[in-house]
Every structure is written in structure tokens, then in C-alpha cells.
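Engineer: need a 3D model of the sequence below.
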Amino acid sequence: MAGEAAEVEELKTPLNVSGMIGLIVFYLLIFCAGIFANKILKRKSRAEIQKNQVSGKAEDMMLAGRDINYFIGIFTMTATWVGGGYINGTTEAVIKNGLVWCQAPFCYAISLTLGGLFFAKKMRANRYVTMIDPLQNKYGKGLGALFYIPAFSGEILWSASILAALGTSLRVICGLNDTASIIVSACIAMTYTLFGGLYSVAFTDVIQLICIFVGLIFSIPFMTVNDAVTSPLRSSNVTMFPEKTTYSAFFGRIDPADAGLWVDYAIMMIFGGIPWQAYFQRVLSSRNTSVARVLSFSASFGCFAAAIPSVVIGLITMNTDWEATDLGASLTKADFKLAVPLTLLYLTPPAVAFIGLGAVSAAVMSSTDSSILGVSTMFTRNVFVEVFYRKASDTFTTWFLRGTIIVNTCIAMLIAILVKSVYGLYLICSDLVFILLFPHLTLVVHFPHLTNRYGMIAGFGTAFFLRVLAGEPVLKYNAILKYPYYEPPTYYSNGDVENYGYQKFPFRILVMVINWIVTLSVSFAAKIAFERIPQLKTYLFTPNLEDESDKPDTSTIPRKVSVLPEPAR
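Structural biologist: Alright, predicted model coming up:
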């Protein structure tokens, strides 16, 4: 559970020259596709429309001329979600706790559907550039930029976690050094993103998603016919967990005491999966509101379908006699995160393993470039331009965006190389996105008249304070505020902590709801107070109670061209 700190000796593989050659060819294919994507997607027939949909070159890089069609949109949206962490994490979850605890595939599928139903149309119709725009329009440029902190943390740590997963996979299969693998992969994704922005990211996503599906599906038949794998596959044959005799180890079970924990994570993934710039960048770059909604619904199906090969690989892993393979030893819990590369390496022929490796590499690059571009877009537009340098020219903004992409890529690389529990940090930031960002994004998009900056400060501060008090095993500190069913920490005989305590109560949902309640209550109280006692305006820490949304919004209107009607499909 949460306090595990098991260490395992690193699996070392000799450098595989043929695997290296195959990997280089794959990377060259992706790199060339990314470099030339700008020219391919900016055809003469669409160039003028693309030009009129954005305010300049910087916004063109961010949103690909708001001209992403159904085909490209569905591929890029799906590929963004189906990253290396998604593939490896799905397999690990199945092996570790059973299918019932593999929540990401169906939760994220529901999340994409809800995003398409309730957010895609409104966000695209208002012509926002980032998901922070409506927050800044409502709460002001400075306070709205505060939401960049949880958004940045989540996106950058997501990128770092999947880069770390790729480094591990390449080490296991090709014998490459983790650090070199991370640096090369990140630099390739960064370079074509610098050249073409979202044009390059979206176009390479098409190739990468095809590689993901073909690579994994192609590898599975070779795994099933391996002599070390039980045939036919039956969960009753699993011997990895001999103590679990009352239920299937593959399907798993939810103990009554863990039901709150399961619900907490499920709701967090479903609603916390909406406020991500990587998602909204595709929505806002869509050709029109119809495309924005359809690509969300289609990606929901694609995201769920992409998890099926990973689940099957998890079942194969559980039905494998690993002592009979060249590995020569049973898998430990610390090895579960390596299940995909291990099955590719030991259960398939070398040529097939490299095809599968291409799938894993494609998954990592498709998510890394999206997250890096998204977080760089938000910083450039919502922090640098909107808060510090409103008079920045289009050329200056474009080069600043490119510089920000380089800096954020370096940050993600350093975290992936230096931090051991990157995925744990990503989970923390994910629940901050759910607790702090989701309630306010929902309010400003759907109920802007019910909230103001005073309610936002009170709700945001209260929710953050309550989350800190709830403790966090990944950061190695116990809870101060203990909710019902709290699992206390355990200690060694010398007094050192063996396992840190964790909450079984669905406290994340509670804190998120409290954020909503406090925001609405304080907003209402502030509005009534200033209406009935006008003298209070003298003591405001901002010039007036007006929200930015009450003023003409020029932040999302192109500076050089007029806003045109959406082009026909």
C-alpha cells in the first residue's frame, strides 16, 4: 500500500545493437514527421482560414490555427492520454491488486465524455487559448494566474513520470542507460515541438497512436504461445498470490474497509481528469465546437480500448512461470512496474520485442510533447504576457514560448533522472488539480455569477489547508487531521517509521466539496456586504468588487484580425 518502500536490484541487460538500430530508426521517423508536420497541415487551402482564427504566430503555435479536424483531433486527443505511464500503470495495477483496482481506463474514459458534454462546447465557443483564461477573466489576471501552480505541477510531473518509465523500459530491453534514454527521448520531442508547436505534436500523435496499438496487439500472440505461459489463460492458475483463495487474483476485490478509498480515487480521476491543459489545448484548437465535442467522445472510447492490451499483458504476466524464463526468478512487487518491458523481453522473439518497445516509446513521446507544450503555453500566455508584460509583441511572445518549452523540458528531464518516486509526486499534484482547480473552473464556466475573487481566495485557501492537514505518505508525513477509518502508521522496534499512515475515508471528495461551499458562501456574503455597506469599498485590497468578466474581454480576441465566424466543416 501507500507506505511501501521495497528496493530491488536493478535488472541489467547487455547493450543490444540491433535493438538500438531499430530504436534509432523509429526516433528518426517521429522526428522527421514532427519537423515536416507544419508544412503538411498548413496547406494553402486552409492557410488563410488558419491565419484568421488566431492573433499571430505565437497563438498559431499554441492552437494550430484552430484548424484541427475530426481525424487528427481524435488521434491526438487519444494519444495524449495513452502515455507510457498509462500503459505500464494499467498492467501494474492489474498484477498488484486485480482488475477492479485498475481504475484509470474507465475513469478517464468517463472524464473525457464529461468534458465533451459540459466543457468542450463552451470553452471552444468562447475562443479561449488556455483553460486559465476563464479563471483570469473572472478573478483577475494575478489571482487567476494562481491556478497555474497546480496545473504546472501536474503536467510537468506527469511528463517526468512517463520519461522515467521509458528510461526503465529501454534499460530492460536494450540495455541503455536510464539517463541517456530520458535525455534523448525528451530532446527529440522538444525539438519538433519547437519547430511546429501543436501542428507537430498533433501530426506525430497520429503515427504514435498507430504504433501503440499495432505494437502491443502484435506482441500479445507471441507472449501467449511461450512455453512458460499457462495455456489457456485462466485466472485460477495464478500462483503469484497463493494466500488469496477466496477470490480471483486477476479480478481482485474491494474490501469493505477500502471502499471509501476506491470511491475517492475514482471520483478524483473522473472529475480531476478534466482540468488539464493537454486536454483543453485539443478542444480549443478544434475547427469548431462540433469537432471539439466529437473528439472528446471518440477519445473516450480510444482511451478505454488502448487499455485492453495492457490488461491482457497483466493477465499473461500473472500466468507466467518466470523461473522457467531467462529471467530465472519470480517477480517481486518492485518488478510489477516493469511488467510490460519484461514480458516483451522474455516472452517474445527479439524482433517482436523491439516492435513492442516502439509502442512504449511512442506512448511516452505522445504524452511528453503534449504536456510540455501545454504547460509552456499557460506560462507564456497567462503568467508572462497577462501578468508581467502585456505589451509583448507577437514575435517576442513566440520566442519566449520556445524558450519556455526548452526550460520545462529540462525540468521534466531532471525530475525524471533525480527523483525516485516521480509517479507518487504526480498523484499528489493530480489530487491538487481535483481539489483546487476543478471546482473553480466549473464555477467560472457554468456559474460565473455565483462566484467572485473573495470567495475564490477563501475556498482555495481552505481546501489547500485541509489537504495539507490530511497527510501524505509519498511526502513522508503523517496526518494531523485524521478522518474516519484512518490507517495509523507502523513503526520498527527502534522507533523509525515502517509505513506512514493514510486516509481510507474519501477525504479528497469532501475537501473538494468544501472548496465549492466556502467559495459560494463567501462570494455571496461579500456581494451582499458591499451592496448594503458601500463604505466597505474604501477598504478593499483591490480597486473594486467588479469581476474581470463584467468588463469587455479582449484577452482572447485576436489583436491583428477580427473574429470570424467558425468555418464550415
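
Engineer: show me what contacts Asp227?
Structural biologist: Each residue near Asp227 by C-beta atoms under 8 Å, 6 or more residues apart in numbering is listed here: Ala324. Using the backbone N, CA and C atoms, a C-beta is placed for each residue, glycine as well.

Engineer: would it count as being in a helix?
Structural biologist: No - in this structure, Asp227 is coil, not part of a helix, as judged by DSSP: H, G, I helix; E, B strand; the rest coil.

Engineer: distance check, it against Ser153.
Structural biologist: 46 Å (C-beta to C-beta, to the nearest Å).

Engineer: in stretch 197-213, what's buried?
Structural biologist: 197-209, 211-213 (16 or more other C-beta atoms under 10 Å).

Engineer: restricting to C-alpha, output it in PDB.
Structural biologist: Output of stretch 197-213 as PDB, limited to C-alpha atoms (Å, rounded to 0.1, in the frame of the first residue of the first chain):
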ATOM      1  CA  GLY A 197       4.100  23.700 -32.000                       C
ATOM      2  CA  LEU A 198       0.800  22.000 -31.800                       C
ATOM      3  CA  TYR A 199       0.900  21.200 -35.600                       C
ATOM      4  CA  SER A 200       3.900  18.900 -35.000                       C
ATOM      5  CA  VAL A 201       2.600  17.500 -31.800                       C
ATOM      6  CA  ALA A 202      -0.800  16.600 -33.300                       C
ATOM      7  CA  PHE A 203       0.600  15.100 -36.500                       C
ATOM      8  CA  THR A 204       3.200  12.900 -34.700                       C
ATOM      9  CA  ASP A 205       0.400  11.700 -32.400                       C
ATOM     10  CA  VAL A 206      -1.300  10.000 -35.400                       C
ATOM     11  CA  ILE A 207       1.900   8.000 -36.100                       C
ATOM     12  CA  GLN A 208       2.500   7.300 -32.400                       C
ATOM     13  CA  LEU A 209      -1.000   6.100 -31.600                       C
ATOM     14  CA  ILE A 210      -0.900   3.700 -34.600                       C
ATOM     15  CA  CYS A 211       2.500   2.400 -33.200                       C
ATOM     16  CA  ILE A 212       1.000   1.900 -29.800                       C
ATOM     17  CA  PHE A 213      -2.000  -0.200 -30.900                       C
END
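
Engineer: tell me the gap between it and the middle of its chain.
Structural biologist: Centroid separation for stretch 197-213 versus its chain: 16 Å, with C-alpha atoms, centre = their mean, to the nearest Å.

Engineer: do the same with stretch 202-218
Structural biologist: 18 Å.

Engineer: ditto for stretch 352-371
Structural biologist: Going by C-alpha atoms, centre = their mean, where stretch 352-371 is centred and where its chain is centred differ by 15 Å.

Engineer: so which elements touch the host helix or strand of Pro221?
Structural biologist: Secondary-structure element containing Pro221, defined by DSSP states H and E: helix 198-224. Applying 3 or more C-beta pairs under 8 Å, 6 or more residues apart in numbering; DSSP states H and E, one finds that helix 198-224 contacts helix 17-41, helix 57-63, helix 70-81, helix 178-196, helix 289-318, helix 339-347, helix 350-378.

Engineer: shaky segments in the stretch 401-550 of the chain?
Structural biologist: 420-423, 426, 538-550 (pLDDT under 70).

Engineer: can you show me the helices along it?
Structural biologist: Taking DSSP state H, counting those that start in this stretch as the test, the helices found in the stretch 401-550 of the chain are 422-432, 438-446, 453-469, 507-532.

Engineer: relative to Leu23, which of those is closest?
Structural biologist: Taking C-beta to C-beta, helix 422-432 is the member of the helices of the stretch 401-550 of the chain nearest to Leu23, at 22.3 Å.

Engineer: tell me the angle of that closest one relative to helix 453-469?
Structural biologist: Angle, helix 422-432 to helix 453-469, by axes from the mean of the first three to the mean of the last three C-alpha atoms, to 10 degrees: 140 degrees.

Engineer: mind listing what Phe195 touches?
Structural biologist: Counting by C-beta under 8 Å, 6+ apart, the residues that Phe195 touches are Gly34, Ile35, Asn38.

Engineer: tell me the spacing between the second one and Tyr199.
Structural biologist: The span separating Ile35 from Tyr199 equals 11 Å under the rule C-beta to C-beta.

Engineer: and if you look at the last one?
Structural biologist: Taking C-beta to C-beta as the criterion, Asn38 is separated from Tyr199 by 5 Å.

Engineer: pretty sure Ile316 sits against Met223.
Structural biologist: Yes - under the criterion of C-beta atoms under 8 Å, Ile316 makes contact with Met223 at 5.0 Å.

Engineer: what sits in contact with each of these two?
Structural biologist: Val229, Thr343, Leu347.

Engineer: list only buried entries from these.
Structural biologist: Buried among these by 16+ other C-beta under 10 Å: Val229, Thr343, Leu347.

Engineer: make TSV out of those and add distance to Ile406 and pLDDT.
Structural biologist: Listed next are those as TSV, based on distance: C-beta to C-beta, whole Å; pLDDT from 0 to 100:
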residue	distance to Ile406	pLDDT
Val229	45	89
Thr343	36	92
Leu347	39	92
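
Engineer: from those residues, pick the one nearest Ile415.
Structural biologist: Looking across those and measuring by C-beta to C-beta, the closest to Ile415 is Thr343, at 27.4 Å.

Engineer: check contacts around the closest one.
Structural biologist: So Thr343 contacts Ser219, Met223, Ile313, Ile316, Thr317, Thr320 (C-beta under 8 Å, 6+ apart).

Engineer: which one of those sits closest to Val518?
Structural biologist: Of these, the one sitting nearest to Val518 (C-beta to C-beta) turns out to be Ile313, at 44.5 Å.
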